[in-house]
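# Quick check, what structure comes out for this input:
(one chain, ligands or ions: 1)
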Amino acid sequence: MSLIGEIFSRKKPLICYFMAGYPSLEKSYETAKALIQSGADILEVGVPFSDPVADGPTIQVAHEKAVKDGITPVNVFQLTEKLKKEFPDIPLILMTYYNPIYVMGEQDFCKLAKEKGADGFIVPDLPPEEAENFKRIANSSGLETIFLLAPTSHERRIKLIGEMSDSFIYYVSLTGITGERDTLPWEELENKVRQIKKITGKKVAVGFGVSKKEHTQKLSQISDGVIVGSAVVKLQGKADIEGIKSLVKQLKEGME
Ligand SMILES: O=P(O)(O)OC[C@@H](O)[C@@H](O)c1c[nH]c2ccccc12
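Have a look, this model is predicted:
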């Protein structure tokens, strides 16, 4: 079983997104370390990109700054390599738009990602209909592909994603862009997660808008894992390592 699959088989993971190279490479390394040490089970490693269409203001700013500072996929791989050496049991999922993959070439990107300690990919702007080749190459390099479903996804798409997404499916809690929210559409969320699990038989983790203990508490009752991004990245931008630790501890408490 893959590292990601293995974690899902024994717990409901807290998955934390952070931006590589933000506000500097060193600080992003410290962020990752703080996330792991305070209880993150899986990391989503953000690859800076000039046109992050699915991201809200907090993560947009992080992309922008990291791109401006010249952070490249090669820098991101230096970071994953270092993290994997230090924390071999923590899965690293690269969260990248398709363009950086396209520029390097699917084969080379996958090969390098594997060598540098990545466990899988989420490519939010690569639709499953166009992902067959990439998935084949990623999987044969020993990397997972994780796909997203949204409140607007209907049965046919749910089935397709069920086939394309490896250890779990990322369910986007609401239509819109990433960013903290006060509340989530609970009833729809619960129904949709149940429907997806029934159709696909896969584990389903929920992200978008998660920012407090009350959210992780409810989500851990209705899903198989929880994803948090903007709440982390906001603190990351201030290099507030203590703040990151206390955030993760609180979110984690909700899941116990
Ligand atoms: O930021 P939020 O609302 O906590 O949502 C998680 C999200 O940030 C992370 O998974 C993510 C970052 N960039 C993305 C782009 C598309 C989908 C998901 C993401």
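# Give me the neighbour count for the closest residue to residue 41 other than its chain neighbours.
Leaving aside its chain neighbours, residue 41 sits nearest to residue 13 (3.5 Å; criterion: Cβ to Cβ, 6 or more residues apart in numbering). The way it works is simple: take the backbone N, C-alpha and C, and place the C-beta from them, glycine included. Look at residue 13: counted by other Cβ atoms under 10 Å, it has 23 neighbours.
# Any stretches of the stretch 51-200 of the chain with poor pLDDT?
Within the stretch 51-200 of the chain, no stretch has pLDDT under 70.
# sorry, back to before: isn't the residue nearest to residue 41 right up against residue 5?
No. Residue 13 is not in contact with residue 5 according to Cβ atoms under 8 Å; the separation is 11.1 Å.
# all strands of the stretch 151-256 of the chain, in order?
For the stretch 151-256 of the chain, the strands defined by DSSP state E, counting those that start in this stretch cover 168-172, 203-207, 225-228.
# Can I get these in CSV including distance to the ligand and mean neighbour count?
What follows is those, written out as CSV (distance: least, Cβ to the nearest ligand atom, whole Å; neighbours: other Cβ atoms under 10 Å):
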stretch, distance to the ligand, mean neighbour count
strand 168-172, 7, 25
strand 203-207, 4, 23
strand 225-228, 5, 26
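# now those strands as TSV including distance to residue 67?
As requested, the strands of the stretch 151-256 of the chain are exported to TSV (distance: least, Cβ to Cβ, whole Å):
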stretch	distance to residue 67
strand 168-172	24
strand 203-207	23
strand 225-228	23
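# in the sheet, who's paired with residue 18?
Taking DSSP bridges, one finds residue 45 as the beta-bridge partners of residue 18.
# Now that it has come up, it's in contact with residue 236, right?
Yes. Between residue 18 and residue 236 there is a contact under Cβ under 8 Å: 5.7 Å.
# where do the contact lists of the two overlap?
Common contacts of residue 18 and residue 236, defined by Cβ atoms under 8 Å, 6 or more residues apart in numbering, comprise 28, 31.
# Now do the most centrally placed residue in the chain against residue 170, distance only.
With distances taken as Cα atoms, centre = their mean, residue 44 lies nearest the centre of the chain, 3.7 Å away. Shown here: residue 44 relative to residue 170, a distance of 9 Å by Cβ to Cβ, to the nearest Å.
# residues in the stretch 101-250 of the chain within reach of the ligand, list them.
Counting by Cβ under 6 Å from any ligand atom, the stretch 101-250 of the chain comes close to the ligand at 124, 178-179, 207-210, 227-231.
# Please repeat the previous calculation with a cut-off of 8 Å.
Applying Cβ under 8 Å from any ligand atom, we find that the stretch 101-250 of the chain lies next to the ligand at 122, 124, 148, 170, 172, 177-181, 207-211, 227-233.
# about what we covered before: so what's the residue nearest to the centre of the chain up against?
Counted by Cβ under 8 Å, 6+ apart, residue 44 has contacts 15-18, 93-95, 122, 227, 229.
# which among the residues you listed gets closest to the ligand?
residue 229 (2.1 Å; Cβ to the nearest ligand atom).
# what number of residues lie near that closest one?
Residue 229: 28 neighbours (other Cβ under 10 Å).
# Please apply the same query to residue 72.
Using other Cβ under 10 Å as the criterion, the residues surrounding residue 72 number 17.
# Likewise for the one 4 residues further on?
By the other Cβ under 10 Å criterion, the neighbourhood of residue 76 contains 26 residues.
# Is it correct that it is in contact with residue 19?
No. Residue 76 is not in contact with residue 19 according to Cβ under 8 Å; the separation is 9.6 Å.
# got any residues that touch both of those two?
With Cβ under 8 Å, 6+ apart, residue 76 and residue 19 have common neighbours residue 48.
# How about residue 245: what's its closest non-neighbour residue?
Using Cβ to Cβ, 6+ apart and skipping the chain neighbours, the partner closest in space to residue 245 is residue 38 (4.3 Å).
# Give the full set of residues in contact with that neighbour.
244-246, 248-249, 252.
# rewinding a little: nearest to residue 118, of the strands of the stretch 151-256 of the chain?
strand 168-172 (16.0 Å; Cβ to Cβ).
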